[in-house]
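Q: return a 3D structure for these sequence lines:
(4 chains)
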There are 2 protein chains.
Amino acid sequence: MAGFDRYSNVLRLFSADQSSLTVAQMAKAVRLPTSTVYRTVRELVASGFLESAAGSYFRLGPTFIEYNRTINQTDPLILSGDEHLQQLADVLPQPGATVLARLYGNQVMCVADARSPSFRHDTSFQRGVPMPITRGATSRAILAQVRGKRLDRLLLSTELESGVSRQGFKQELKQIRRARLSVTRNEVDQGLVGYAVPVSNRSLGIEASLSCIFSDIDHSPDWATEIAEILWSSAKRMEDDMQHAFERIAGNSKPPS
Amino acid sequence: MAGFDRYSNVLRLFSADQSSLTVAQMAKAVRLPTSTVYRTVRELVASGFLESAAGSYFRLGPTFIEYNRTINQTDPLILSGDEHLQQLADVLPQPGATVLARLYGNQVMCVADARSPSFRHDTSFQRGVPMPITRGATSRAILAQVRGKRLDRLLLSTELESGVSRQGFKQELKQIRRARLSVTRNEVDQGLVGYAVPVSNRSLGIEASLSCIFSDIDHSPDWATEIAEILWSSAKRMEDDMQHAFERIAGNSKPPS
DNA sequence: ATCTATTTTATCATATATTGATAATTTGGC
DNA sequence: GCCAAATTATCAATATATGATAAAATAGAT
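A: Numbers count the residues shown, from 1 in each chain, chains lettered A, B, ... in the order given. Okay, here's the model as predicted:
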């Protein structure tokens, strides 16, 4: 094994289910001799990517919290989401959750979320969870903004559902792009329905979506138009926020025009 | 440059002030040829530690958000903090902020914070910010729990303030350990006073502190006893929470007895 | 505090991956 | 479709990683 993978493979062993591991466990998992893994771990500890815990265990280190903070403080999308997402959840015509998700490399990840106080369902979209890029309104509203070769490459990196052709899926994305809205039900979470609209900023290279999620049972399609209007106006506000953020930092540490 | 430092040095260039960089900028900063940095960046992008943005800029990637989430979901201290910190802020005898910080390798980092609604001061301790390990009540209440060689090594990794001897500082820590309380003013933020008590769990290898911060102006030392009592009882609850968490996961992916 | 099992670090010859200058290719903006 | 800039590929020289083993340090128990 070579390069960054050597480190990445060790870090990947740490998850919500396995939050601490001994060197022996890591060595077994990555099929490398203990001495090699010790060296790798020592380097990761020195940079704060891992930390040594009690009982010769290791766990994820403070560096992740630190960089996460940097992202929170600098990502215009997240900043704008923190500003508007809760307010949006409060004005929905019925209790629901609001989600801001973004295309990150070739995955879609929720970067901020809020919910009306009385909405108690579990939703898959929570901050930090990578999502399938072709399933659910949230992801599709994002993909609909991507075109040409980049879209092809993205679609190559995932399996489409059985029975759906690449052409058919692209056609669906085209419709979503025209409607500026994607609505799905039961695609990500059973019993939930999602509405999503695109949010983007070209100069910042941000392709995202703003969505809200309701329980399918007590949801009436009559609200659809009103919901779409609310989402569009919030999305507009966020795009304006991002553009202002871009102009504020332009010439400083940001892309030129 | 060799090993993980090659990657770490590039990542370290990204901060709140410089959230996106071109390869040319990185190459200049780390004094390496562009071709080498391109390769490094490519590897980091492949693992989601960086992502390519518009205008040939790169920025921190989704992996940090993902691992941050894993930490939030698994760290018993953070879980307990989320549970109690806001409530604690609400029962303080006067408006203030509450902070949970933890020794992470050889740095102290705030891992959770809350504040009474009417407390409007800026405090340095915010989630994800590394702090000096010898300054402020928060850090000292943590250091007071560390002894022997580990303490020596920690103190070697920092500069003490001028005029303070290593012996004298250790003596102060001893007093804090006996009193189970540290109080400082103007040490971290001007015009603020901080109270901190130790929080720890031996079997989880967690050494932390729970603290609250008030504005010095409208703060009366008469509250000191009451504040200490509130902190101690919250700290006790958190330690119980952590012990339960430890017992729940013991034998699964955690240190043996 | 002393002893002991276990964890962690150090050593070193060999194989392998990294390096960086340059060339070839791709990309994105007009 | 054109052009400048960004990105990737190439390759020989060289520095670094590797892993078996030995030495040292550490933590737990007595």
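Q: drop to CA atoms for contacts and neighbour counts, all remaining ones
A: OK.
Q: which ones are touching the residue nearest to A:F214 when sequence neighbours are not counted?
A: Sequence neighbours aside, A:G96 is the residue nearest to A:F214 in space, at 4.8 Å (criterion: CA to CA, 6 or more residues apart in numbering or on different chains). When contacts are counted by CA atoms under 8 Å, 6 or more residues apart in numbering or on different chains, A:G96 is found next to A:89, A:115-116, A:119, A:212-215.
Q: can I get those residues in a markdown table including distance to DNA strand D, secondary structure and neighbour count?
A: A markdown table is the format used below for the contacts of A:G96 (distance: CA to the nearest atom of the strand, whole Å; DSSP: H, G, I helix; E, B strand; the rest coil; neighbours: other CA atoms under 10 Å in any protein chain shown):
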| residue | distance to DNA strand D | secondary structure | neighbour count |
| --- | --- | --- | --- |
| A:A89 | 37 | helix | 23 |
| A:R115 | 37 | strand | 22 |
| A:S116 | 41 | coil | 18 |
| A:F119 | 43 | coil | 15 |
| A:C212 | 34 | strand | 28 |
| A:I213 | 36 | strand | 29 |
| A:F214 | 40 | strand | 23 |
| A:S215 | 42 | strand | 22 |
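Q: ok, stretch A:95-108 near DNA strand D or not?
A: No: Stretch A:95-108 lies out of reach of DNA strand D by CA under 7 Å from any atom of the strand, never closer than 12.3 Å.
Q: and that stretch, C-alpha only, in PDB?
A: Listed next in PDB are the C-alpha coordinates belonging to stretch A:95-108 (Å, rounded to 0.1, in the frame of the first residue of the first chain):
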ATOM      1  CA  PRO A  95     -44.400  20.000  10.700                       C
ATOM      2  CA  GLY A  96     -41.300  18.900   8.900                       C
ATOM      3  CA  ALA A  97     -37.600  18.900   8.600                       C
ATOM      4  CA  THR A  98     -35.500  21.200   6.400                       C
ATOM      5  CA  VAL A  99     -32.200  20.100   4.900                       C
ATOM      6  CA  LEU A 100     -29.400  21.700   3.100                       C
ATOM      7  CA  ALA A 101     -27.300  19.300   1.100                       C
ATOM      8  CA  ARG A 102     -24.400  19.800  -1.300                       C
ATOM      9  CA  LEU A 103     -22.500  18.000  -4.000                       C
ATOM     10  CA  TYR A 104     -19.100  17.200  -2.500                       C
ATOM     11  CA  GLY A 105     -16.800  15.600  -5.000                       C
ATOM     12  CA  ASN A 106     -18.900  12.700  -6.100                       C
ATOM     13  CA  GLN A 107     -21.100  12.400  -3.100                       C
ATOM     14  CA  VAL A 108     -24.000  14.300  -1.800                       C
END
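Q: near DNA strand C at all, that stretch?
A: No: if you take CA under 7 Å from any atom of the strand as the test, stretch A:95-108 misses DNA strand C, and the best it gets is 12.2 Å.
Q: near A:Y195, how many other residues are there?
A: Per other CA atoms under 10 Å in any protein chain shown, the neighbour tally for A:Y195 reads 24.
Q: which element, helix or strand, includes it?
A: strand A:192-201 (DSSP states H and E).
Q: that strand pairs with which strands, parallel or anti?
A: Using DSSP bridges, the strands paired with strand A:192-201 are strand A:182-185 (antiparallel), strand A:206-215 (antiparallel).
Q: and the stretch 51-200 of chain A, which residues reach chain B?
A: By CA under 8 Å from any CA of the partner chain, the residues of the stretch 51-200 of chain A that approach chain B are A:51-57, A:60-62, A:64-71, A:73-74, A:104-105, A:109, A:111, A:127-130.
Q: just the buried subset of those, please.
A: A:51-55, A:57, A:60-62, A:64-71, A:74, A:104-105, A:109, A:111, A:127-130 (16 or more other CA atoms under 10 Å in any protein chain shown).
Q: same question for the strand holding A:Y195, mean pLDDT?
A: What strand A:192-201 shows for mean pLDDT is 95.
Q: same check, this time on stretch A:208-222
A: Mean pLDDT, computed over stretch A:208-222, is 91.
Q: contacts for it?
A: Outside stretch A:208-222, the residues that touch it by CA under 8 Å, 6+ apart are A:89, A:94-103, A:121, A:137-139, A:141-142, A:185, A:191-200, A:231, A:235.
Q: and those residues, which are buried?
A: A:89, A:94-103, A:137-139, A:141-142, A:185, A:192-200, A:231, A:235.
Q: picking that back up, so which of the residues of the stretch 51-200 of chain A next to chain B are in strands?
A: Counting by DSSP state E, these place A:51-52, A:57, A:60, A:104, A:109, A:111, A:130 in strands.
Q: closest point of chain A to DNA strand C, which residue?
A: DNA strand C sits closest to A:G3 of chain A, with a gap of 2.8 Å, by CA to the nearest atom of the strand.
Q: and the helices in chain A?
A: Under the criterion DSSP state H, chain A contains helices at A:5-12, A:23-30, A:34-46, A:62-74, A:76-90, A:136-143, A:148-156, A:166-179, A:224-249.
Q: before we move on, back to that, out of the contacts of A:G96, the closest to chain B would be?
A: A:R115 (17.5 Å; CA to the nearest CA).
Q: leaving out sequence neighbours, find the closest residue to that closest one.
A: Excluding the flanking residues, the one nearest A:R115 by CA to CA, 6+ apart is A:A97, at 4.0 Å.
Q: check contacts around the one you found.
A: A:89, A:113-116, A:119, A:212-214.
Q: go with 7 Å
A: Applying CA atoms under 7 Å, 6 or more residues apart in numbering or on different chains to A:A97 gives the contacts A:89, A:114-116, A:119, A:212-214.
Q: ditto for A:I206
A: Each residue near A:I206 by CA under 7 Å, 6+ apart is listed here: A:S200.
Q: so how far is A:G105 from it?
A: According to CA to CA, to the nearest Å, A:I206 and A:G105 sit 11 Å apart.
Q: and stretch A:15-29, end to end?
A: Using CA to CA, one end of stretch A:15-29 lies 13 Å from the other.
Q: what's the separation between the residue in the stretch 51-200 of chain A positioned nearest to DNA strand D and A:I217?
A: Closest approach between the stretch 51-200 of chain A and DNA strand D, counting by CA to the nearest atom of the strand: A:G55, at 4.9 Å. Using CA to CA, A:G55 is found at 49 Å from A:I217.
Q: where in chain A is pLDDT low?
A: Along chain A, segments meeting pLDDT under 70 span A:162, A:249-257.
Q: near DNA strand D, which residues of it?
A: Checking chain A against DNA strand D by CA under 7 Å from any atom of the strand, the hits are A:1-2, A:6, A:32-33, A:35-36, A:40, A:54-55.
Q: and the buried ones among these, selectable in PyMOL?
A: Listed next is the PyMOL selection for buried residues among the residues of chain A next to DNA strand D, using 16+ other CA under 10 Å:
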select buried, chain A and resi 40+54+55
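Q: and chain A, split by domain according to the record?
A: A:5-64, A:73-249 (automatic domain parsing).
Q: put together TSV for those domains, with distance to B:L156 on each row.
A: Listed next are those as TSV, based on distance: least, CA to CA, whole Å:
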stretch	distance to B:L156
domain A:5-64	16
domain A:73-249	32
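Q: for the ones you listed, which one sits closest to B:G163?
A: domain A:5-64 (30.0 Å; CA to CA).
Q: look at that closest one and report the distance between its end residues.
A: 18 Å.
Q: good, we can wrap up now.
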